[in-house]
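S.K.: Can you look at this prediction? I've put the sequence above it.
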Amino acid sequence: MNKLWNRSLKTKWMLTTGLTIFISYAAICIVTFFALQSWLLSAEEQNATRTAEDLSSFFASQGFAVTIQDLQNQSGLMQAILTQDQTVRLFHLDGREILQINNAAPAVALPAELRHTHIEKMEVAGVDAFVIHRAVQIGPLHMILQLVHPLTAFQSMMSYILTTMFLLGIGGILLAAGMSYLASTLLIRPLQDLRNSMEAVKEGGFASKVDFTYTAQDEIGDLVIIYEEMLAKLEQSFTRQQQFVSDASHELRTPIQSLEGHLSLMKRWGKDDPEVLEESLATSLQDVGRMKKILEELLQLARQENLSQHATANVVEVLAEVEREMRFIYPHATLDRSVVGQIKEANITAEALGQVIRNIYENAIRYCERKPLIHTALHFKGEDVFIEVTDNGIGIAEENIPYVFDRFFKVDDARLHVEGSTGLGLSITKMLIDKYNGDIEVHSQIGKGSVFLLRIPLKL
């Protein structure tokens, strides 16, 4: 069983199918064989009995004055009643043989007592036969009729049937095994393609995945769909991981080098010069804070969470909280807000919405040469809430607008030096909006500010 279990699925399928067909066919053949044997044996017995009755009727029709000599003269007529392999003998009641017709088999011992027709199946001269003993009256004499009916034809017929069943069974099993092998080859081919694709991914990565199509809507089709979805998620997760590593190494290189330089400076000169020590400590803390912010934003980009169907956020309350935070951090900025329509909750978490608004506000404040003025307009309409954030910043050149949501993109403006910017804020904003089935777009002109338009589905 262990050896069979460890064989290929195709082999197990073929062997199981062949064994099932063999057992079914053998059971049918056994039932059919014994049914035919019983029916044919009964037919042979009826044939022998009918012959004995015909002979008895013939003897009775000869009249009371018939003699044995008369019967011997009519042996040809009596042979016509018999078949070629049947043998008939007439005996006196004392056991003396009087007449013999068609000597195809030797005589059989008479029964000790005969009151009725006696039928017995026995072996005569090495051949199975029905032997019938029957009391008959020929003229004035009472005699015993012995009929030996060999079962040679019956046995030949049964042997032929058994041979035919055996040959048909062997042919049927071979045909079934061949058909099951072909069927298993066709049915298992998608699984083999799936295995080959997995092997290719294991050996060469996601780029080496073997593409194949399977359109049938069955269990294998479901398995292929699940595999494709799982592979897509794994590839996405792997890509995010690679992006996180490359982004972290890219963005952290500069602050780490700066921190290393200031620590070296403190080691050499900071012990004796308080001004150098103070400046290096301040710069080092600034670099550490920058690294902390970069890591937080990179983790938000790399984190892959499922969309919560129960996510809700009160847009007005979230905006008010973010505005209070911005006024505390940037007291020189002016923020106001207007609301149109019936206020409803949006299908997004409060944390995600707060991060989106916070990133837009911080960009508007940082990229501004004058006192920042930010106006936020809320429009609750139909199944969505539309958020419009307008600022008076430096604006974005038209050729740069398609790239503002790319990771690490920064506006290249020599007039403005922005501290603490990583180029990841708007990438995170776009990622969060897409995650909750929303939309975001930007309209901007150089020197006139920017307008961010957000659409977020409402919780209905």
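M.R.: Ah, there it is.
S.K.: For stretch 256-265, give the mean pLDDT please.
M.R.: In this model, stretch 256-265 has an average pLDDT of 74.
S.K.: actually stretch 174-181, not the one I wrote
M.R.: The model assigns stretch 174-181 a mean pLDDT of 81.
S.K.: ok now it, how far from the chain's centre?
M.R.: On the basis of CA atoms, centre = their mean, to the nearest Å, stretch 174-181 sits 24 Å off its chain's mean C-alpha point.
S.K.: okay, that stretch in PDB with CA atoms only?
M.R.: C-alpha atoms of stretch 174-181 as PDB (Å, rounded to 0.1, in the frame of the first residue of the first chain):
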ATOM      1  CA  LEU A 174      -6.900  -3.400 -20.800                       C
ATOM      2  CA  LEU A 175      -9.200  -1.000 -22.700                       C
ATOM      3  CA  ALA A 176     -10.400   0.600 -19.500                       C
ATOM      4  CA  ALA A 177      -6.800   1.000 -18.200                       C
ATOM      5  CA  GLY A 178      -5.800   2.600 -21.500                       C
ATOM      6  CA  MET A 179      -8.800   4.900 -21.500                       C
ATOM      7  CA  SER A 180      -8.300   5.900 -17.900                       C
ATOM      8  CA  TYR A 181      -4.600   6.500 -18.600                       C
END
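S.K.: Buried residues, it. List them.
M.R.: Within stretch 174-181, the residues that count as buried by 16 or more other CB atoms under 10 Å are 176-177, 180-181. For the C-beta atoms, the positions are set from N, CA and C on the backbone; glycine is no exception.
S.K.: Strands along the protein, start to end?
M.R.: 87-92, 97-101, 118-124, 127-138, 141-150, 313-314, 334-340, 345-346, 373-381, 384-391, 439-445, 449-457 (DSSP state E).
S.K.: Tabulate those in CSV, adding columns for mean pLDDT and mean neighbour count.
M.R.: Formatted as CSV, the strands of the chain follow (pLDDT from 0 to 100; neighbours: other CB atoms under 10 Å):
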stretch, mean pLDDT, mean neighbour count
strand 87-92, 89, 20
strand 97-101, 85, 16
strand 118-124, 90, 14
strand 127-138, 89, 19
strand 141-150, 89, 21
strand 313-314, 91, 18
strand 334-340, 94, 13
strand 345-346, 93, 21
strand 373-381, 94, 17
strand 384-391, 95, 21
strand 439-445, 92, 16
strand 449-457, 94, 20
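S.K.: In space, what's closest to the residue of the chain positioned farthest from its centre - neighbours in sequence excluded?
M.R.: What lies farthest from the middle of the chain is Ala65; by CA atoms, centre = their mean that is 91.9 Å. Once flanking residues are discounted, Ala65 sits nearest to Gly139: 6.1 Å by CB to CB, 6 or more residues apart in numbering.
S.K.: could you check the distance from His142 over to Leu93?
M.R.: As judged by CB to CB, to the nearest Å, His142 and Leu93 stand 6 Å apart.
S.K.: Please disregard the earlier target; I meant Thr20.
M.R.: Taking CB to CB as the measure, Thr20 and Leu93 are separated by 63 Å.
S.K.: Quick check: pLDDT value at the closest residue to Leu40 other than its chain neighbours.
M.R.: If the residues on either side of it in the chain are set aside, Leu40 comes closest to Phe154, at 5.6 Å by CB to CB, 6+ apart. The model reports Phe154 with a pLDDT of 90.
S.K.: For Leu223, which non-adjacent residue is spatially closest?
M.R.: Leaving aside its sequence neighbours, Leu223 sits nearest to Leu194 (CB to CB, 6+ apart; 7.1 Å).
S.K.: Help me confirm that that neighbour comes into contact with Tyr227.
M.R.: Yes: contact criterion CB atoms under 8 Å: Leu194 and Tyr227 qualify, at 6.1 Å.
S.K.: So between these two, which is more surrounded?
M.R.: Between Leu194 and Tyr227, counting by other CB atoms under 10 Å, Leu194 is the more crowded of the two (19 against 13).
S.K.: So, low pLDDT: which residues of the stretch 1-150 of the chain?
M.R.: Along the stretch 1-150 of the chain, the model assigns pLDDT under 70 to residues 1, 4-7.
S.K.: That one: helices as residue ranges?
M.R.: 2-5, 9-60, 68-73, 75-81 (DSSP state H, counting those that start in this stretch).
S.K.: which residues make contact with the last one from outside it?
M.R.: Where contact means CB atoms under 8 Å, 6 or more residues apart in numbering, the residues beyond helix 75-81 that reach it are 51, 54-55, 58, 71, 88, 101-102.
S.K.: What residues sit buried inside it?
M.R.: Going by 16+ other CB under 10 Å, helix 75-81 has these buried residues: 78, 81.
S.K.: Give me the contacts around stretch 440-459.
M.R.: Contact partners of stretch 440-459, identified using CB under 8 Å, 6+ apart, comprise 311-312, 315, 344-348, 353, 356, 360, 364, 380, 383-398, 401, 404-405, 429-430, 433, 436-439.
S.K.: Can you verify my assumption that the residue farthest from the centre of the chain contacts Leu141?
M.R.: No: when contacts are counted by CB under 8 Å, Ala65 is not listed as touching Leu141 (11.6 Å).
S.K.: What's the separation between the residue nearest to Asn437 when sequence neighbours are not counted and Glu383?
M.R.: Closest residue to Asn437 apart from its sequence neighbours, by CB to CB, 6+ apart: Pro457 at 5.6 Å. Between Pro457 and Glu383 the computed distance is 6 Å (CB to CB).
S.K.: Kindly report the same for Met326.
M.R.: Met326 is 29 Å from Glu383, by CB to CB.
S.K.: Of the two, which one has the most company?
M.R.: More crowded of Met326 and Glu383, by other CB under 10 Å: Met326, with 20 against 12.
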